[in-house]
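>>> Below are the sequence and a predicted model; questions follow.
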Amino acid sequence: MLSQSLLFLSLAVIGLAGCNQHRSGGPQPQELVSAVGEIGSRLPEFLVKDLQGRDISSADLRGKVALIDFWATWCQPCKKEMPGYQKLADRYGPRGFAVIGLKFDTMADTEDPILFAKRIGVRYPLAVAVDELKQKFGGIEGLPTTMLYDREGILRKKVVGFEYTSAFESELTPLL
Amino acid sequence: MNTRKLALLVLFSSVVVPVSKAQVQRIEMRVEGMTCNYCAFGVKKHLGRQSGVQSVEVALLDGKVDITAKEDGHIAPAQLLKATYDSGVTVAQMDMTARGRIVKDSAGNFAFQVEPNQSFAIAPNDLLKSMEPLMNSLTMVTIYGELYRKPAGEEIPNLSAPLKLLILNVQKKE
């Protein structure tokens, strides 16, 4: 009985060792990947025109801490938040922080979005979030939705609904 | 601890019915400026992150927000009022359901005491007169009342002013 058990144990150890060799020699098992738009997921590739017609690309954000904010002219909480993000851009831009605003167009604008931005003091790039772009970020359920990516393009914080600027500031400064 | 004591403890804990504690149980708000489903969802998420909040229900068409407190939590209506305004939505009216005691301070003013450090000054009305026997007694009451109504003509109300409770209904006396 004992010898049978020892034989089984030996075979099991050899088998496991064999598996281990196979794993190290062959293709690595797929890494755990976070779902798109979830914490830990990657900044999607995108190329859009801003409201002035200039290109904005995910490539521009490479190596930067990036805040992506989904907003709309008819969204009151968005209007409350955006000047705070401009302050963060002014304060931390020189250290590698960038903000991009992606505007919802599911309803008619309450005012010209360029004038809207000017009126509330927003100067960071703004573009229209077409459906395809929203899907690249995992779909947007509520406004505002704000996403903070680190320098490696990994999503570190996501907030749906109004959030205080200070909450993002305390999250982003360790990433700079 | 011997087995008998342990068995008694288990038996005791299984038959004790938890007594609901004095607390703000529910906040209902009528709001203005929630213009779309996306914004309503954003308001729901923002308020859901506030301390002591168990759940938030938002009815976009009615402009209503209904907040339920965690059973063992502490929610501060003044903080929720500010958080709602912060989220870009105007509060037209805020009502509260809470369990506590009616007390009278040394100056003779009535207050609804929910916790030792949480009480609301009571605005006098006819209902309050009928509640005088309850004052400063150990009787707990669950009340429904109006805590805030946006002052007419004020674009940006003074949110730091203390909230005053107008009792509209006594739901339960214990």
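On my side now, so go ahead.

>>> Quick test: name the residue nearest the centre of chain B.
residue B:24 (3.3 Å; CA atoms, centre = their mean).

>>> and the residue nearest to that residue when sequence neighbours are not counted, what element?
Spatial nearest neighbour of residue B:24, excluding adjacent residues (CB to CB, 6 or more residues apart in numbering or on different chains): residue B:98 at 4.5 Å. Every residue, glycine included, has its C-beta placed from N, CA and C. Element membership for residue B:98 (DSSP states H and E) is strand B:90-104.

>>> Show me what that strand is packed against.
Other helices and strands packing on strand B:90-104, by 3 or more CB pairs under 8 Å, 6 or more residues apart in numbering or on different chains; DSSP states H and E, are strand B:24-32, helix B:77-86, strand B:110-115, strand B:118-122, strand B:141-149, strand B:164-173.

>>> The third one pairs with which strands, parallel or anti?
Just to be clear, that refers to strand B:110-115. strand B:90-104 (antiparallel), strand B:118-122 (antiparallel) (DSSP bridges).

>>> Now residue A:134: closest residue in space that isn't a chain neighbour?
residue A:140 (4.9 Å).

>>> Next, the one you found: secondary structure please.
coil (DSSP: H, G, I helix; E, B strand; the rest coil).

>>> Per-residue pLDDT of it, please?
If you check residue A:140, the pLDDT there is 94.

>>> repeat for residue A:86
At residue A:86, pLDDT is 98.

>>> mind checking the SS state of it?
Applying three-state DSSP: residue A:86 is helix.

>>> residue contacts, residue B:143?
B:97-100, B:112, B:165, B:167-171 (CB atoms under 8 Å, 6 or more residues apart in numbering or on different chains).

>>> again but with residue B:55, I slipped
Residue B:55 touches B:48, B:67-68, counting by CB under 8 Å, 6+ apart.

>>> how about the helices in chain A?
A:2-25, A:76-92, A:113-119, A:131-136, A:165-172 (DSSP state H).

>>> Can you confirm whether the third one lies near chain B?
Looking back up the chat, that one is helix A:113-119. No - contact of helix A:113-119 with chain B is not found when judged by CB under 8 Å from any CB of the partner chain; the minimum separation is 13.9 Å.

>>> For that helix, which helices and strands make contact with it?
With contacts taken as 3+ CB pairs under 8 Å, 6+ apart, helix A:113-119 sits against strand A:126-128.

>>> again, but for the last one
Taking 3+ CB pairs under 8 Å, 6+ apart as the contact definition, the neighbouring helices and strands of helix A:165-172 are strand A:65-71, helix A:76-92, strand A:145-149, strand A:155-160.

>>> buried set for the longest one?
Meaning helix A:76-92. A:76-82, A:84-86, A:88-89, A:92 (16 or more other CB atoms under 10 Å in any protein chain shown).

>>> Give me every residue in chain B lying close to chain A.
Counting by CB under 8 Å from any CB, the residues of chain B that sit close to chain A are B:33-36, B:38-47, B:49, B:86-89.

>>> check contacts around the most centrally placed residue in chain A.
Among the residues of chain A, residue A:155 comes closest to the average C-alpha position under CA atoms, centre = their mean, at 4.1 Å. When contacts are counted by CB under 8 Å, 6+ apart, residue A:155 touches A:34, A:37-43, A:147-149.

>>> Next, the angle from the strand holding residue B:98 to strand B:24-32.
150 degrees (axes from the mean of the first three to the mean of the last three CA atoms, to 10 degrees).

>>> Just the buried residues of strand B:90-104, please?
Buried residues in strand B:90-104, defined by neighbour count with 16+ other CB under 10 Å: B:90-91, B:94-103.

>>> swap in stretch B:138-153?
With burial defined by 16+ other CB under 10 Å, the residues of stretch B:138-153 counted as buried are B:140-148, B:150.

>>> so where is chain A shaky, pLDDT-wise?
A:1-32 (pLDDT under 70).

>>> quick one on the thing from earlier: could you redo the strands paired with strand B:110-115 as JSON lines and give each row mean pLDDT?
Shown next, in JSON lines, are those (pLDDT from 0 to 100):
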{"stretch": "strand B:90-104", "mean pLDDT": "93"}
{"stretch": "strand B:118-122", "mean pLDDT": "92"}
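
>>> hmm, back to that, in TSV, list the helices and strands packed on helix A:165-172 along with distance to residue A:111.
Shown next, in TSV, are the helices and strands packed on helix A:165-172 (distance: least, CB to CB, whole Å):
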stretch	distance to residue A:111
strand A:65-71	13
helix A:76-92	11
strand A:145-149	21
strand A:155-160	24
